[in-house]
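**Q** Just to be clear, the model below is a prediction. Sequence and coordinates:
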Amino acid sequence: MHSDRASTGLKIAAGLGLAFMHLPILLIFVYAFTTEDKSYQWPPPGLTLKWFAVTWNRPDVWEALTLSAKVASISTVIALVLGTLCAAAVSRTKFFGRETISLLVILPIALPGIVTGISLRSAFNLADIPFSFWTIVLGHATFCIVVVYNNAVARFRRTSGSLVEASMDLGANSFQTFRYVILPNIATALLAGGMLAFALSFDEVIVTTFTAGQQQTLPIWMLEELVRPRQRPVTNVVAMVVVIVTFLPILGAYYLTRGTDTVAGQGK
Amino acid sequence: MSDAILDTGRNGIMARISDTLWRNPRLTVLLLLAPPALWLGVVYLGSLFALLAQSFFSIDEFSGLIIYEFTLKTYAELFTPANFDIIVRTVMMASAVTIAAAIVSFPIAYYAARYARGKWKAIFYLGVMLPLWSSYLVKVYSWKLILAKEGILNWLFETLHLSWLLDAYLSIPIIGGNSLSVSWTGTFLVFLYVWLPFMILPIQAALERVPRSMLEASGDLGATPGQSFRFVLLPLALPGVIAGSIFTFSLTLGDYIIPQIVGSSRRFIGQAVYAYQGTAGNIPLAAAFAVVPIVIMGVYLWAAKRKGAFDAL
């Protein structure tokens, strides 16, 4: 504890912990190439690339993927606008009810997803709203706001107010100040927040099962396959692709906010 | 760019709006806040109220239709033995997962906060961040592969000639079962795996705030490493552990997918909510069930706040 070298026991425990977190995901990569299509046999009897072609030609996978991408894009845009506005208001002034607003933003992910889901379901039932593309977006945008908000609020805190005043003194109006001074300052934080929001929405399943009705997003498609497997190798391939697709925005968000005091992605 | 700024100057409609906003900071805040507050207020709070309202309705036993009249009958149903069992079972599972997650997380968080430097710091950071953000369903699916009868874990036990050990373990009542994938041990492992990063990050954040000099002072004053850990480090890390436990506890309480895919047929709160709102069409009882985790988390958050856990978030 007093030295700068970790004890062997601690190293082993930390290493085992990291391995525990990564080996299951790596296993998926092996299964995507297996020739066995009836069971989850280990070790795989042989390796093949056949299932990538089979998956490529499955219209249901493409439909689910398209719907997920659409929902995630629109939810991210809504979350970006609302989250930034909220962060700007909260960071700029102290006002009555500020704490309440912060709490309100965090609540959708602080409460279990099933609460958010059943709440929306109850509301749709009471208001007689039929399930549609927009009911999914409504839910997703709500819990994506917090991700953008967290990133933006941290950056606003670091952006000095005198920059804004200097810009105004030099003759710019509020909109020009926003466009030429504030936006370049917060751009990377917004990009990181947007990427995380996209990843969050793209992967969401618990709330979505309550707001989607008969529509299938990619996670719902996967859930169906998990409960009632039809063609296991296709599920393996989709799972692998999903892992790769979600890793990219996370790595991107990390590199965009690296070196600042709050690195993106610490809260989900 | 500079030309554009000079051209608009202080005249014109945009400039006048801009001046008004600058002179009235309250109005600016109000305008900034209105869209998000309206969205969250209407969509989210509105839905929560709808949930609360539904939980005070009841279902007509004969027609299966919802009676929109105030009653506490639905809440009374929560306390029938079968339903109360579900609640107790879920809380026990959430507690077990939380305790295990704290134990597994601590060495990782401690190493990352105190010893990892430079490249290793980044590796540990991404090592926690990637599992945190990678697809939830894929993570659950990977455990279905691991725990399957013909899967890697059984293969490992067979190769090591330890199958008898696994069989002996599975014959233990309650935590055992026919195979790992239909036992509570399986459910527990998947919960632990999926929520682990949510515990590591706050503990790491708390540990990073403990100044090194404090441990040195403790050592100088004659404490053994064990005593420094027990009386200096652990109390300072506790808010982080509590903050992490909020996530693991809350997420376990509300999950219905993991026990459905890996686990026995005995249900958890989330599954009850899902089943009642779905095929059964009993939204009031589903709503009442969903209020249970809200109440439990309310009490939990209140207790955590008193321990100062929110400073570690």
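**A** Yep, it's here. Residues are numbered from 1 along each chain as shown, chains lettered A, B, ... in the order given.
**Q** what's the nearest residue to residue 44 if we skip its chain neighbours?
**A** You didn't say which chain, so I picked chain A. Nearest in space to residue A:44, with sequence neighbours left out and distances taken as Cβ to Cβ, 6 or more residues apart in numbering or on different chains, is residue A:34 at 3.7 Å. Where C-beta positions appear, they are placed from N, C-alpha and C, glycine not excepted.
**Q** Sorry, I should have been clearer: chain B.
**A** For residue B:44, the closest residue by Cβ to Cβ, 6+ apart turns out to be residue A:142, at 5.3 Å.
**Q** what residue ranges in the stretch 1-150 of chain B score low on pLDDT?
**A** Residues of the stretch 1-150 of chain B that meet the criterion pLDDT under 70 lie in B:1-11.
**Q** typo on my end, the stretch 201-313 of chain B
**A** B:308-313.
**Q** Same question for chain A.
**A** Within chain A, the stretches falling below the threshold (pLDDT under 70) are A:1-4, A:259-268.
**Q** about what we covered before: could you pull up phi and psi at the residue nearest to residue A:44?
**A** In terms of degrees, to the nearest 10, the main-chain angles of residue A:34 are phi -70, psi 150.
**Q** got the residues of the stretch 151-268 of chain A near chain B?
**A** By Cβ under 8 Å from any Cβ of the partner chain, the residues of the stretch 151-268 of chain A that approach chain B are A:168, A:170-176, A:180, A:196, A:199, A:203, A:205-206, A:209-210, A:219, A:222-223, A:226-227, A:235, A:239, A:242-243, A:246-247, A:250-251, A:254, A:263, A:265-268.
**Q** Just the buried subset of the residues you listed, written out for PyMOL, thanks.
**A** The PyMOL command for the buried members of those (criterion: 16 or more other Cβ atoms under 10 Å in any protein chain shown) is given here:
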select buried, chain A and resi 168+172+173+174+176+196+199+203+205+206+209+210+219+222+223+226+235+239+242+243+246+247+250+251+254+263+265+266+267+268
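**Q** Test my guess that the residue nearest to residue B:44 contacts residue A:113.
**A** No: with contact taken as Cβ atoms under 8 Å, residue A:142 and residue A:113 are classed as non-touching, separated by 11.3 Å.
**Q** Residue A:25 is in contact with residue B:138, isn't it?
**A** Yes: counting by Cβ under 8 Å, residue A:25 touches residue B:138, with 7.2 Å between them.
**Q** Spit out the residues that contact those two alike.
**A** Common contacts of residue A:25 and residue B:138 (Cβ atoms under 8 Å, 6 or more residues apart in numbering or on different chains): residue A:243.
**Q** out of those two, which sits in the busier spot?
**A** residue B:138 (22 against 19; other Cβ atoms under 10 Å in any protein chain shown).
**Q** Skipping adjacent residues, who's closest to that one in space?
**A** Closest residue in space to residue B:138, ignoring its immediate chain neighbours: residue A:239 at 4.6 Å, by Cβ to Cβ, 6+ apart.
**Q** Walking through the stretch 51-200 of chain A, point out its strands one by one.
**A** For the stretch 51-200 of chain A, none of the segments meets the definition of strands by DSSP state E, counting those that start in this stretch.
**Q** who in the stretch 151-300 of chain B is up against chain A?
**A** On the criterion Cβ under 8 Å from any Cβ, chain A has as its neighbours in the stretch 151-300 of chain B the residues B:151-152, B:155, B:193, B:196-198, B:201, B:205, B:215-216, B:219, B:225, B:228-229, B:233, B:246, B:250-251, B:253-257, B:260-261, B:269-270, B:273-274, B:277, B:283, B:286-287, B:290, B:293-294, B:297.
**Q** how deep is the closest residue to residue B:165 other than its chain neighbours tucked in, by neighbour count?
**A** If the residues on either side of it in the chain are set aside, residue B:165 comes closest to residue B:157, at 7.0 Å by Cβ to Cβ, 6+ apart. The criterion is other Cβ under 10 Å. On that basis, residue B:157 has 17 neighbouring residues.
**Q** mind checking the SS state of residue B:157?
**A** Following DSSP: H, G, I helix; E, B strand; the rest coil, the label given to residue B:157 is helix.
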